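Enquirer: sequence and predicted structure below; questions after.
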Amino acid sequence: MYSEFSKGIFKENPIFIILLGLCPTLAVSTQVVNALGMGAGVIFVLLGSEIFVSLLKDFIPERIRIPAFIVIIASFVTVVDLVMQAYAPSLSRNLGVFVQLIVVNCIILGRAEAFASKRKLGESLLDALGMGVGFTLGLLLISAIREVFGSGTITLFAMGSFDGVIRIPGLSAQPARVLALAPGALLVIGFLKALFNWLEMRREAREAWAVAAPPPGAAASAAASQTGSSADDGLPSSEGTSSAREGGAS
């Protein structure tokens with residue numbers, strides 16, 4: 001069961017491995033607070049939609065399954081949008097239309113169609129959590145790199161006297177502005193994708209070497225057996241010795 005959860009974080013990460021949901025990733029990854037808000041919304045919609053699709057899969061006719069999935073997803077997206085407008089209006093303004101576009105997000109609809117409609121409730125729940133957490137972590141990583149190096153700040157939720165902005169000395173005065181612009185998102189995603197591909201190639205090479213290499217004691221055992229066989233070949237056998245003795249006696 002753990003593999004159903006962890007695959008969304010590592011082996012099938014929506015952003016870096018299967019490359020889904022890149023439109024909101026490119027658009028809202030300018031600040032860490034945007035990544036937190038979008039990630040929380042996607043996790044909520046994924047959980048609700050996969051749970052309902054898994055429960056209703058036997059009652060939804062095959063011909064209308066995609067429209068039915070979209071209606072289920074749109075219901076949860078509406079809840080997210082209204083809650084953001086009521087309790088986090090600034091976050092809702094920052095995310096803009098990309099909250100409503102969660103309805104047609106490839107991650108949400110793809111998991112509902114490819115996974116939840118064919119699996120049990122428990123598996124669908126773990127899959128939704130894994131995919132949602134994997135998307136949120138990827139979005140946070142991209143947003144942190146872009147905001148830290150592109151603006152010299154880390155923007156969080158404002159609380160009390162804290163305005164929500166952490167300014168980094170040195171970087172806030174002379175940031176790399178290109179990373180805060182639209183091309184910066186493509187650059188960051190490209191470099192991170194190359195890094196993860198390189199790490200995956202190294203892991204596969206280590207696994208292949210481990211399979212091809214003999215066990216630690218195999219080489220010593222083979223050498224010992226070869227030495228023993230060579231020694232046996234150099235010594236006369238007991239039958240040959242007794243035959244020689246009989247010939248000498250006669």
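Expert: Perfect, I can see it now. Numbering: from 1, shown residues only.

Enquirer: from now on I want contacts and neighbour counts done on CA atoms only, so please keep to that.
Expert: OK.

Enquirer: for the nearest residue to Ala180 once chain neighbours are set aside, which residues are in contact?
Expert: Among residues not flanking Ala180 along the chain, Gly150 sits closest, at 4.7 Å (CA to CA, 6 or more residues apart in numbering). If you count contacts by CA atoms under 8 Å, 6 or more residues apart in numbering, Gly150 has them with 175-180.

Enquirer: JSON lines please, covering those residues and showing secondary structure and pLDDT.
Expert: Below are these laid out as JSON lines (DSSP: H, G, I helix; E, B strand; the rest coil; pLDDT from 0 to 100):
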{"residue": "Pro175", "secondary structure": "coil", "pLDDT": "89"}
{"residue": "Ala176", "secondary structure": "coil", "pLDDT": "89"}
{"residue": "Arg177", "secondary structure": "helix", "pLDDT": "89"}
{"residue": "Val178", "secondary structure": "helix", "pLDDT": "91"}
{"residue": "Leu179", "secondary structure": "helix", "pLDDT": "91"}
{"residue": "Ala180", "secondary structure": "helix", "pLDDT": "89"}
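
Enquirer: ok, back up a step: using the three-state scheme, assign the residue nearest to Ala180.
Expert: At Gly150 the chain is in helix, as set by DSSP: H, G, I helix; E, B strand; the rest coil.

Enquirer: just the buried positions in the helix or strand in which Met38 is found, please.
Expert: Element membership of Met38, judged by DSSP states H and E, is helix 32-56. For helix 32-56, a neighbour-count test (16 or more other CA atoms under 10 Å) marks 32-55 as buried.

Enquirer: pull the residues that contact that helix.
Expert: For helix 32-56, contacts defined as CA under 8 Å, 6+ apart pick out 28-29, 69, 72-73, 76-77, 80, 91, 94-95, 99, 102, 108, 111-112, 116-121, 124-125, 128-129, 131-133, 135-136, 139-140, 143-144, 147, 154-157.

Enquirer: pull out the buried residues from the contacts of Gly150.
Expert: 175-176, 179-180.

Enquirer: quick one: contacts for the nearest residue to Pro14 once chain neighbours are set aside?
Expert: Excluding the flanking residues, the one nearest Pro14 by CA to CA, 6+ apart is Leu20, at 5.2 Å. Contacts for Leu20 (CA under 8 Å, 6+ apart) come out as 14, 106-107.

Enquirer: three-state assignment of Leu20?
Expert: Secondary structure, three-state DSSP: Leu20 is coil.

Enquirer: what about it, distance to Leu199?
Expert: 20 Å (CA to CA, to the nearest Å).
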